[in-house]
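[1] Need coordinates for the following:
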Amino acid sequence: MQLFFNESTKKNFHLSKEESKHVIKVLRKKEGDLLDFTDGNGNHQIGEVLKVNNNEVNVLIKRIIKKKKLHNYELNIYIAPTKNSKRFEWFLEKSTEIGIDNIIPIFCINSERKKINIKRCKNILISALKQSKRYYLPKLHEPIKFEKIFSNKINGDKYIAYCDSSINLKKIICSKANKAINCLIGPEGDFDKKEINLAANNGFTPINFGEAILRTETAGIFIASMVKSFQK
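    Sure thing, here's the model as predicted:
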């Protein structure tokens, strides 16, 4: 099944030129054929090709099926964008495939990257959503400075990952089943001591990911995989 993304609230709409070309040339769909869509909010939309004209496809949504989420927890990862943007984009792609709810880019004292392309990042999330045939699109938040994280109440289990912590994430995840999990992951130079203390003062438990020192993007994938392994 080929899954398309449709965030429009209209039941009758036209596909983009690129998607229209794919539907006509690659999938060889004709008038009357069906296509599968999702809006990223758990809805499986079944649409009928109404008209194919000059490489433009007109679709009418005929049926909507509410899909159950593939995980019953909420995973929120606060992560510093990497110096190499492709590594951060790799994290976005793979975490979407594994399962994640909220991605909050954070700018830290040791961050080497202070800006990200939100539009490009969202397109990567959508592409990963379609490829993995998921129906819930992770929410990518606007980047914030580290100290702003604590401006609002954060519900659930709270962790900050850094190299010198003596507490292994696996032991904590195995013993808890909180449905909301929040984890802070720092930049290539790790968190500054001031940031670690600030997080600790706001209820974040310090953790590590084992003996090896992981890259920022790998740490993000690690926790997504670990949480998925120990939660149903």
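
[2] Remind me which helix or strand residue 37 belongs to.
    strand 34-38 (DSSP states H and E).

[3] Of all the residues in the next helix or strand after that strand, which ones are buried?
    The C-terminal neighbour of strand 34-38 among helices and strands, as given by DSSP H and E, is strand 43-53. Taking 16 or more other C-beta atoms under 10 Å as the neighbour-count basis, strand 43-53 is seen to contain the buried residues 43-45, 47, 49, 52. The C-beta positions use only the backbone N, C-alpha and C, and glycine is treated the same way.

[4] Stretch 138-151 now?
    Applying a neighbour-count criterion of 16+ other C-beta under 10 Å, one finds 138, 140, 143, 146, 149 buried in stretch 138-151.

[5] Now do the contacts for the third one.
    Taking C-beta atoms under 8 Å, 6 or more residues apart in numbering, we find residue 143 in contact with 81, 104-107, 115-116.

[6] okay, those in TSV with neighbour count next?
    Written out in TSV, the entries for the contacts of residue 143 read as follows (neighbours: other C-beta atoms under 10 Å):
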residue	neighbour count
81	25
104	18
105	22
106	24
107	19
115	10
116	19
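
[7] Please list the members of those that lie in helices.
    Using DSSP state H, no member of the contacts of residue 143 falls in helices.

[8] now, which of the residues you listed sits nearest residue 208?
    Nearest to residue 208 out of these is residue 106 (C-beta to C-beta; 18.7 Å).

[9] and the closest one, what pLDDT?
    Residue 106 carries a pLDDT value of 97.

[10] now it: how far from residue 69?
    From residue 106 across to residue 69, the span is 25 Å (C-beta to C-beta, to the nearest Å).

[11] before we move on, what about residue 202?
    For residue 202, the distance to residue 69 (C-beta to C-beta) stands at 28 Å.

[12] what ranges do the strands span in the chain?
    The residue ranges that make up the strands of the chain, judged by DSSP state E, are 3-5, 12-14, 34-38, 43-53, 56-66, 74-79, 102-107, 139-140, 144-145, 157-161, 180-185, 205-207.

[13] returning to that earlier point: can you pick out the most distant pair from the buried residues of stretch 138-151?
    Greatest spacing in the buried residues of stretch 138-151, by C-beta to C-beta: 138 and 146 (20.8 Å).

[14] picking up where we left off before, weakest of the strands of the chain in terms of mean pLDDT?
    Mean pLDDT across these is lowest at strand 205-207; the value there is a mean of 88.

[15] helices or strands next to it in the packing?
    Under the contact criterion of 3 or more C-beta pairs under 8 Å, 6 or more residues apart in numbering; DSSP states H and E, the helices and strands touching strand 205-207 comprise strand 157-161, helix 169-175, helix 193-201.

[16] Worst mean pLDDT among those?
    Lowest mean pLDDT of these: helix 169-175, a mean of 62.

[17] Look up the residues forming beta bridges with residue 35.
    Using DSSP bridges, the beta-bridge partners of residue 35 come out as residue 47.

[18] can you count the residues close to it?
    22 (other C-beta atoms under 10 Å).

[19] dump the residue contacts of it.
    Residue 35 sits next to 2, 4, 23, 29, 46-49, 59 when contact means C-beta under 8 Å, 6+ apart.
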